[in-house]
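# sequence first, predicted coordinates after that:
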Amino acid sequence: MSRYRQRQPVGALAGAIACVWSHGADADGHLQRVVPDGCVDLIWMGDRLDVVGPDTAARLVALPPWSRIIGIRARPGAARVLLGDLPATELRDLQVDSLDVWGVSVRDTVDRIGEQPDQAARILEEFACSRLSEYRPDPVLTPAVAALDAPVPPSIPALADALGLSERQLRRRVTAAVGYGPQTLAGVLRFQRATRLGVGPGGLAELACTAGYADQAHLTREFRRLSGLTPRQYFAR
């Protein structure tokens, strides 16, 4: 069994940080299936602080008995608040030591959490807050992500035109900020929307329609691709 909790970040972080979260295991440990969400996380796990890049497929993470992970999650398109100038593509499908990303500038944060693990969430927020003065979000990303998160997102040419960009510019800027291109991001956001909606009285066919899939078969294919499970298996967990 496991326990997952999340909360909103404090103050000015809300624009770039989606949530602060914790995940703990009981005496039996836990095998957690992590699925793509278009986000980058900074997590304290055991005795190290890791940066987790954007995933393109599901992966399994083993939580030892009585272990607890604390994390802070950047919104899609806001990865650089946790990555600095490193493009998100460099960490796609990777989990690396924060020292390899930030070097000595993150050492104080690592040491503080090591000394006060019960204050890990607060210390992670303080680190993210310290980044805000240097964080320069791409102004195109907020409207681009919002458009791609619609049940019927615009085509890439139409979105590029609406934002005053060429298709190539749009793909490049979304890829650098998110870790993958706009079409992949649209699919990940649609999948996340479906997982939040869940299966209602109308079953999977209704979910497919509401979440923005072409049909139930499309929903099933995408769930298999992004979670490694069928929709029924995913929601039965």
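That came in fine, so what should we check first? Everything numeric in this text was worked out from a predicted model, so none of it was measured. Numbers count the residues shown, from 1 in each chain.

# measure the spatially most central residue of the chain to residue 76 for me?
Centroid-nearest residue in the chain, with Cα atoms, centre = their mean: residue 39, separated by 2.3 Å. Taking Cβ to Cβ, to the nearest Å as the measure, residue 39 falls 6 Å from residue 76. All C-beta spots, glycine's among them, are computed from the backbone N, C-alpha and C.

# now residue 204
The value you get for residue 204 to residue 76, if Cβ to Cβ is used, is 25 Å.

# contact partners for residue 151?
190, 193, 210-212 (Cβ atoms under 8 Å, 6 or more residues apart in numbering).

# so what does it look like in phi/psi?
phi -60, psi -30 (degrees, to the nearest 10).

# what is the neighbour count of residue 230?
15 (other Cβ atoms under 10 Å).

# doesn't residue 72 lie inside a helix?
No: read with DSSP: H, G, I helix; E, B strand; the rest coil, residue 72 is strand and lies in no helix.

# which helices and strands does the longest helix along the chain pack with?
Longest helix of the chain, by residue count under DSSP state H: helix 182-197. Packing partners of helix 182-197 (3 or more Cβ pairs under 8 Å, 6 or more residues apart in numbering; DSSP states H and E): helix 141-148, helix 156-162, helix 167-178, helix 203-211, helix 216-227.

# got a list of contacts for the shortest one?
Taking contacts as Cβ under 8 Å, 6+ apart, the residues outside helix 156-162 that touch it are 144, 147-148, 153-154, 166-167, 169-171, 182-183.

# and the third one, by the same measure?
Residues outside helix 167-178 that contact it (Cβ under 8 Å, 6+ apart): 38, 54, 76-80, 87-89, 138, 140-141, 144-145, 156-157, 159-160, 163, 165, 181-182, 185.

# drop anything exposed from these.
Among those, the ones that count as buried by 16 or more other Cβ atoms under 10 Å are 38, 54, 76-80, 87-89, 140-141, 144-145, 156, 159-160, 163, 165, 182, 185.

# distance check, residue 3 against residue 68.
Residue 3 is 9 Å from residue 68, by Cβ to Cβ.

# overlap of the contact sets of the two?
22-24.

# between the residues you listed, which is nearest residue 60?
The shortest gap between residue 60 and any of these belongs to residue 23, at 13.6 Å (Cβ to Cβ).
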